[in-house]
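Visitor: Need a 3D model of the sequence below.
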Amino acid sequence: MKKQSKTILGYKVERPFLVSGPCGAETGEQVMQTAIELAKQPVNLMRAGIWKPRTRPNSFEGAGEIGLTWLKQASKVTGIPVTVEVANKKHVEAALKSGIDVLWIGARTTVNPFAVQEIADTLRGVDIPVMIKNPVNPDLELWIGAIERIVKAGITKVAVIHRGFSSYEKTIYRNRPNWEIPIELKRRIPEIPMICDPSHISGKRELLLPISQLAMDLNYDGLMIETHINPDKALSDAKQQITPAQLGELLSKLICRKQSIDDILTLRMIEGLREKMDKIDHDIIELIAKRMGIAKRIGEHKKENNITILQSERWDEILQSRMQSGLEKELDKEFVKKLFEIIHHESIHQQAQLMNTSEEEVKK
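Guide: Just a heads-up that it's a prediction; the model follows:
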């Protein structure tokens, strides 16, 4: 795994910036043993949940403030800085008093602007590094809003953590990654370091490596991977945790590709292919514009003859035939389906505008 140097949260580190540790701090012995084993790996920051916002009551909800002491003792022995999740003013004050190095705001807190603002107000005047997880629901603006609140409080070292999004649909993931959301966040705030949390995205150990690899291939800056000295006995999220030794095995298999291209010949080849891609993109836009023009003409005929906009049988025919054509061209069926759903939605929108337009406006 070839590494590249980068500054994350004020730390000069080699990519990937690695945050690891147990889902929850359970005992002082567990935290210390995990820390000692993590010190054998290239871990930049040790994590542990002290206050656990569990979905249901009567489950392990964290050890509380005593866990801060355990973490600081582990940090003193190993030299690894430590981070905890904070959800309110009391948490922030306790963490700062204990000398915790980095704070993180969890997904269940990011979703609540009132809670984020309370944390921001408490941090005003204290320039401690802060990591912000995405909200549980797929809402980019809510995520950006949380970042803005923390930055406006004077925090200069900020990173985001992509831990996936809740979904009613059952998938292979615990939380759907919805990669397009963090990608768009990075486009809009390119300077912000982005860390992937494959533990919470996957919910299971066997998916940690492929999710981590994809994150690195998407040029993420770091990873947050949960580790436990005895994962199967963990009091929370046992299935997604691994041992520090297994973390080392995962890292040994991880390929950390570089963003830039040094070889001139390769660069020219890629630039040539990109030029072809750009031309095809322009052609696609031209074709879609022509298609929308035809949709409008169909809409005019529907209006003149009092025909409904939506023709369900025709739409089903279009969808099935396009998906079949896509399969024949080795395109993913779901991709083709989503593409034509978007195109169809816009066609409906264009025709609906015609239906709502007055006769005088049509004549113009």
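Visitor: Which parts of the protein are helices?
Guide: 28-38, 66-78, 89-98, 107-110, 113-123, 140-152, 180-188, 198-202, 208-217, 244-253, 264-304, 312-328, 333-355, 359-363 (DSSP state H).
Visitor: who's in contact with the third one?
Guide: When contacts are defined by Cβ atoms under 8 Å, 6 or more residues apart in numbering, helix 89-98 is touched by residues 50-51, 65, 68-69, 71-72, 84-86, 103, 118-119, 121-123, 126, 128. Placement of C-beta: from N, CA and C, glycine included.
Visitor: Just the buried residues of these.
Guide: Neighbour-count burial (16 or more other Cβ atoms under 10 Å) applied to those gives 50-51, 68, 71-72, 84-86, 103, 118-119, 122-123, 128.
Visitor: Mind putting those into a markdown table with pLDDT?
Guide: Listed next are these as a markdown table, based on pLDDT from 0 to 100:
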| residue | pLDDT |
| --- | --- |
| 50 | 92 |
| 51 | 87 |
| 68 | 97 |
| 71 | 97 |
| 72 | 97 |
| 84 | 97 |
| 85 | 97 |
| 86 | 97 |
| 103 | 98 |
| 118 | 98 |
| 119 | 98 |
| 122 | 98 |
| 123 | 97 |
| 128 | 97 |
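Visitor: Which pair of these spans the longest distance?
Guide: The most widely separated members of the buried ones among the contacts of helix 89-98 are 72 and 118, with 24.2 Å between them, by Cβ to Cβ.
Visitor: what about stretch 298-312, how long is it end to end?
Guide: 15 Å (Cα to Cα, to the nearest Å).
Visitor: Name the residues of that stretch that are buried.
Guide: For stretch 298-312, a neighbour-count test (16+ other Cβ under 10 Å) marks 298-299, 302-303, 309 as buried.
Visitor: repeat for stretch 350-358
Guide: Using 16+ other Cβ under 10 Å as the burial criterion, the residues of stretch 350-358 that qualify are 350-351, 354.
Visitor: Next: stretch 219-233.
Guide: 220-229, 231.
Visitor: Between those, which sits nearest residue 237?
Guide: The closest of the buried residues of stretch 219-233, once distances to residue 237 are taken by Cβ to Cβ, is residue 226, at 6.7 Å.
Visitor: Run through the residues that contact the closest one.
Guide: Neighbours of residue 226 in contact, by Cβ under 8 Å, 6+ apart: 20-23, 47, 199, 237, 240-242.
Visitor: Just the ones of those in strands?
Guide: 20-21, 47 (DSSP state E).
Visitor: Sort out which one of those lies nearest residue 253 for me.
Guide: Distances from residue 253 to these, taken by Cβ to Cβ, are shortest for residue 20, at 15.9 Å.
Visitor: For that closest one, give the beta-bridge partners.
Guide: residue 46, residue 225 (DSSP bridges).
Visitor: re earlier: ok, and which of the helices of the chain has the densest surroundings?
Guide: The highest mean neighbour count among the helices of the chain, using mean count of other Cβ atoms under 10 Å, belongs to helix 198-202: a mean of 25.
Visitor: which secondary structure elements does it contact?
Guide: On a contact count with 3 or more Cβ pairs under 8 Å, 6 or more residues apart in numbering; DSSP states H and E, helix 198-202 meets helix 208-217, strand 222-226.
Visitor: can I get the ones you listed in JSON lines with mean pLDDT?
Guide: Compiled in JSON lines, the helices and strands packed on helix 198-202 are given as follows (pLDDT from 0 to 100):
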{"stretch": "helix 208-217", "mean pLDDT": "96"}
{"stretch": "strand 222-226", "mean pLDDT": "97"}
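Visitor: any chance of the ones you listed in JSON lines, with distance to residue 330 too?
Guide: Converted to JSON lines, the helices and strands packed on helix 198-202 look like this (distance: least, Cβ to Cβ, whole Å):
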{"stretch": "helix 208-217", "distance to residue 330": "21"}
{"stretch": "strand 222-226", "distance to residue 330": "32"}
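Visitor: how about the ones you listed, which one is nearest residue 28?
Guide: Residue 28 lies closest to strand 222-226 among the helices and strands packed on helix 198-202, at 18.6 Å (Cβ to Cβ).
Visitor: Extract the C-alpha trace of the closest one and format it as PDB.
Guide: Provided in PDB are the C-alpha atoms of strand 222-226 (Å, rounded to 0.1, in the frame of the first residue of the first chain):
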ATOM      1  CA  GLY A 222      -9.000   8.500   5.400                       C
ATOM      2  CA  LEU A 223     -10.900   5.600   7.000                       C
ATOM      3  CA  MET A 224     -12.700   5.100  10.300                       C
ATOM      4  CA  ILE A 225     -12.700   1.400  11.100                       C
ATOM      5  CA  GLU A 226     -14.000  -0.100  14.300                       C
END
